[in-house]
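Visitor: structural data only, the sequence is not supplied:
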């Protein structure tokens, strides 16, 4: 009878291990989204860098946040068109969700180091637990994908605004020519 329970028990243990791994993957994904959304909120001005650092509680979470912020690009989308409307033309708002300045990143890093510098001295990626390393990698991938999509959307909006300028300019030139023609006829 113990032989019959052996394979069933092993199967049950394997299923529980798989369930724990799935839970870890799910927690890892949730933490990755928490990293991305928190940084986006800071960039949008919804929270300060002080509040950002206080959102994360455990030492491992703080280490992961620290490394994540250090890996992010500074001002990855450059403004190429006025944001404010002018004359007949509408402006194109600059996407701010990914607009982290180097100064903000340094302030956040200094604030975090000020609370406990021993966590961050000589910190490397391989110092993170596997779940947090997975979260870090996922968060970077998500963040960079969102930057690329936002950049493409911004460029499309700029193209539409520039087309508006050309169309209105063409109409104004045509009206001016028609006006001159009418003046010369009469």
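Guide: All right, it came through fine. If you're wondering where the values come from, they're calculated on a predicted model, not measured in any experiment.
Visitor: got the buried residues for the helix or strand containing residue 103?
Guide: Using DSSP states H and E, residue 103 falls within helix 102-115. Of all the residues in helix 102-115, those buried under the rule 16 or more other Cβ atoms under 10 Å are 104, 105, 108, 109, 112. Heads up, the C-betas are built off the backbone N, CA and C, glycines and all.
Visitor: which strands or helices does the helix or strand that comes right after it pack on?
Guide: Sequence order places helix 130-185 as the next helix or strand after helix 102-115, per DSSP H and E. Applying 3 or more Cβ pairs under 8 Å, 6 or more residues apart in numbering; DSSP states H and E, we find helix 130-185 packed against helix 2-43, helix 59-71.
Visitor: considering those helices, which stretch scores lowest in mean pLDDT?
Guide: Among the helices and strands packed on helix 130-185, helix 2-43 carries the lowest mean pLDDT, a mean of 68.
Visitor: I'd like the next helix or strand past it.
Guide: Next element after helix 2-43 (DSSP H and E): helix 49-55.
Visitor: from residue 166, how far off is residue 40?
Guide: Taking Cβ to Cβ, to the nearest Å as the measure, residue 40 falls 34 Å from residue 166.
Visitor: ok, these two, which is more surrounded?
Guide: residue 40 (18 against 9; other Cβ atoms under 10 Å).
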